[in-house]
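>>> Pasting the sequence and the predicted model now:
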Amino acid sequence: MAKIGVFICHCGENIGAKVDCTKLAAAMGEHPGVAVSVEYKYFCSDPGQESVKRAIRDNNLTGVVVAACSPRMHEATFRKACAEAGLNPYLCEIANIREQCSWVHTDNDQATEKAMDITRSMVEKVKRNNKLQPIEVPVTRRALVIGGGIAGIQAALDIANAGQDVVLVEREPSLGGHMAQLSETFPTLDCSQCIMTPRMVEAAQHPKIRLLTYAEIESVDGYIGNFSVRVRMKSRYVDINKCTGCGDCITKCPAKKISSEFDCGLGKRTAIYTPFAQSVPNIPVIDHANCIYFKNGKCKICSKTCQCDAIDFDMQDTFEDIEVGAIVVATGFQVQNNTMYGEYGYGKYPDVINGLQFERLASASGPTAGKILRPSDGVEPQTVVFIQCAGSRDPSKGVRYCSKICCMYTAKHAMLYAHKVHGGKTHIFYMDIRAAGKGYDEFSRRAIEEDEAAYLRGRVSKVWEENGKLMVRGVDTLLGRPVEIAADMVVLATAIIAQPDAKEFAKTIGIGYDEYGFYNEAHLKLRPVESSTAGVFLAGACQSPKDIPDSVAQASATASKVLALFSKDMLEREPVVATNNEATCAGCWGCVLACPYNAIEQKDILDRSGRIIKRVASVNPGLCQGCGTCVTFCRSNSLDLAGFTERQIFAEVMGL
Amino acid sequence: MSETFEPKIIAFVCTYCTYAGADLAGTSRLKYAPNVRIIRLPCTGRISPMFILKALQKGADGVLISGCHPGDCHFTHGNYHARRRWMVFRALLDFIGIPPERVKYSWISAAEGVKFAEFINSVTEDIRKLGPFEQYTQLIEQTQAPASL
């Protein structure tokens, strides 16, 4: 005979103000099989959990239903409490009467009625729950870090410094990411290269880190603790083991007029190239699309120049399968293409540039060696207009969110410009100044007070060329009047967006993403560095726009998560797996076709003399992820899914 | 009928996308019609047509099924199996005596709290217009008692 305990949580006012909990408790107390039905203000609190445990012991309960918030919130909490009271944790279920009832309905009676249905249905389910034991799986103690920007490097170093193996994969020819492109960083104005390149070298030389640059993730299989990852090593056409990085090939390469991606189109590179002088590894790649030999079949000057015979034009992409236990995704961001703002003239006027291009102009390693010069004629601009929120916080054309870093980097740009061009004037059009961060507000005040950046609150309606000047027409909303400025250069604080292939890549790894392509964390507040897929963690701007301190903090957080995972020999997994009734299984193998994880094998049933009398399906619980697709596929009703059995679900439906 | 008819709707949803989307609607404090009862399953691939029939047989006026968008399934392709199964099942609904407009199928992701609330409202309105679903229960009663025919 079932003895179910029903525990109805008020969640303060969250449930109590909408659902009549006393009425609900009384009604549940009448329900067949319910031994205890009580209400309390906060069951998740310590005394609340204690009262659940006491009720289990005192009444020898055979099942528990907690009517409270979403199971995604506190299922683990209450299952643990049940286990502590000696009840199998899988005999505890949550009835979601907060997120899916009290918070979303306005009428108290209707909400109470719905809460009754939800709770009753769950009681009916729990009556049919089975005791389950967690499944243990081994852990491969090697982490994969995807992306070699500051977040990826930090995560890799932290994991490696704790003594665990790391494979760091970067798709560009060099580590560095966006941070390597920056000139100086807010709020301290220390040179980005000076703090970045030592970390790149450290990562490359670390005995526990295996660095794979110019490589991409082809596929990811498996599950937490046991991922199998296929990596494509793109052909560099340069033998990484022979090349010494002398750079002679780069100097001699005749294809010199290729727009440099690293310099955001403001500089040129050769067909055989390293993205920048401090590249790690310092080994060039040949750009297949622009190489004269690959285009015309003649040239090979690099090959003739090379003293080490490192150039190999026949090199092909190769693949490697790597077993890892955890994955850190640190794939970064892109800047939006501002050509959609025809009124700003980006792409039309060469002196309208974006923030990242300004970084390259201001960088000592950039195309102008750190001099601020106009891209069109190489003249030093005397008046510069900065336009903030060029794409951000613009639901009509750009993106709805705030890109977070633009207020700060625009203040920094104004300062760098003032330091480099004495007597130059800066005007900054802004919507709001968002300078939340340690030392950030002080920094943006400094731009105004010491470096005389003129902030104008308002938007720009048009930029056009007149007599060699860029005319900027906008509005100063604080003074309530239109403004027209004759500028020499216009810098757009462009929106930060997800990588163009972010969604595709999320599907490859099997993680969630939001409407913009940024990766979803498991819980916005409490699990911000975990993805919804166990064993896959998120660091840096792939999750949302972030500055360097936030990216580094998040990367270190992922490292601590990975190390916690690696601290055990065996992992406990939820026992929600399919099971097969071999007596009724007809061996049709429909389930084998349905299973996304190849978790179902054929099993021979032998008689005493070893002859095969029957072939049946057999589920490997280590591989099964518990989706239940096979169960629905099964023609003979032999398969069932623990935790979500046919009996349980039908009971739930009947309970409603 | 002076009172407006309040239909009973049962939703079968996957825990990774639509259930999370429903939770998001809650945390965003969106308001929607209270007619839907949600049954959480690991994946839409777990949803058997029998669940839908049972729901309608036991007094539901409408059923909805929702899971991850194609390509986004947590279990890589459980939702594709669900979609195929749905295509076949939908073609048979008429034959079993269920008006196909009483069973709705949708994709709602964990980020689409607003879409969830809007979907619930529109389904509730649609089913309300159709009125209570009685034909099926009548049919069952008739077939169980052939002597009275």
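Done, it's in. Residues are numbered from 1 along each chain as shown, chains lettered A, B, ... in the order given.
>>> Would you report the backbone torsion angles of A:His413?
phi -60, psi -40 (degrees, to the nearest 10).
>>> ditto for the one 3 residues further on
Recorded main-chain torsions at A:Leu416 are phi -60, psi -40, according to degrees, to the nearest 10.
>>> Hmm, A:Leu361 and it touching each other?
No: contact criterion Cβ atoms under 8 Å: A:Leu416 and A:Leu361 do not qualify, at 9.2 Å. Every residue, glycine included, has its C-beta placed from N, CA and C.
>>> So if I had to pick from the two, which one is more boxed in?
Taking neighbours as other Cβ atoms under 10 Å in any protein chain shown, A:Leu416 and A:Leu361 compare with A:Leu361 leading, 29 against 23.
>>> Alpha carbons of the helix or strand harbouring the more buried one, as CSV, please.
Using DSSP states H and E, A:Leu361 sits in helix A:355-362. C-alpha atoms of helix A:355-362 as CSV (Å, rounded to 0.1, in the frame of the first residue of the first chain):
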residue,chain,number,x,y,z
GLY,A,355,36.2,50.2,-33.0
LEU,A,356,38.3,47.1,-33.7
GLN,A,357,39.9,48.9,-36.7
PHE,A,358,40.7,51.8,-34.4
GLU,A,359,42.4,49.4,-32.1
ARG,A,360,44.7,48.3,-35.0
LEU,A,361,45.4,52.0,-35.8
ALA,A,362,46.3,52.7,-32.2
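>>> For that helix, what is the distance to the chain centroid?
Centroid separation for helix A:355-362 versus its chain: 26 Å, with Cα atoms, centre = their mean, to the nearest Å.
>>> Against which helices or strands is it packed?
Helices and strands touching helix A:355-362, by 3 or more Cβ pairs under 8 Å, 6 or more residues apart in numbering or on different chains; DSSP states H and E, are helix A:406-420, strand A:489-494.
>>> Tell me the helix or strand right after it.
On the C-terminal side of helix A:355-362, the nearest following helix or strand under DSSP H and E is strand A:383-390.
>>> What segments of chain B are helices?
Here chain B has its helices, by DSSP state H, at B:18-27, B:49-57, B:78-96, B:113-130, B:135-144.
>>> Quickly compare the ones you listed and say which is most buried.
Compared across the helices of chain B, helix B:18-27 shows the largest average neighbour count, a mean of 26 (mean count of other Cβ atoms under 10 Å in any protein chain shown).
>>> any idea how far B:Cys68 is from A:Met179?
34 Å (Cβ to Cβ, to the nearest Å).
>>> Then A:Phe276?
Separation of A:Phe276 from A:Met179 (Cβ to Cβ) stands at 12 Å.
>>> again with A:Gly147
Using Cβ to Cβ, A:Gly147 is found at 12 Å from A:Met179.
>>> Bridged to the residue most central in space within chain B, which residues?
By Cα atoms, centre = their mean, chain B has its centre lying nearest to B:Leu64, at 1.4 Å. Beta-bridge partners for B:Leu64, by DSSP bridges, are B:Ala11, B:Lys104.
>>> The worst-scoring helix or strand of chain B on mean pLDDT versus helix B:78-96: what angle between them?
Counting by mean pLDDT, DSSP states H and E, chain B has its least confident helix or strand at helix B:135-144, which shows a mean of 72. Relative orientation of helix B:135-144 versus helix B:78-96 (axes from the mean of the first three to the mean of the last three Cα atoms, to 10 degrees): 60 degrees.
>>> how far is helix B:135-144 from where the chain is centred?
Taking the mean of its C-alpha atoms, helix B:135-144 sits 21 Å from the chain's own mean (Cα atoms, centre = their mean).
>>> OK, contacts around the residue nearest to A:Pro275 when sequence neighbours are not counted?
Nearest residue to A:Pro275 in three dimensions, chain neighbours excluded: A:Phe262, at 4.2 Å (Cβ to Cβ, 6 or more residues apart in numbering or on different chains). Contacts for A:Phe262 (Cβ atoms under 8 Å, 6 or more residues apart in numbering or on different chains) come out as A:180-181, A:269, A:275-276, A:360.
>>> Thank you, goodbye.
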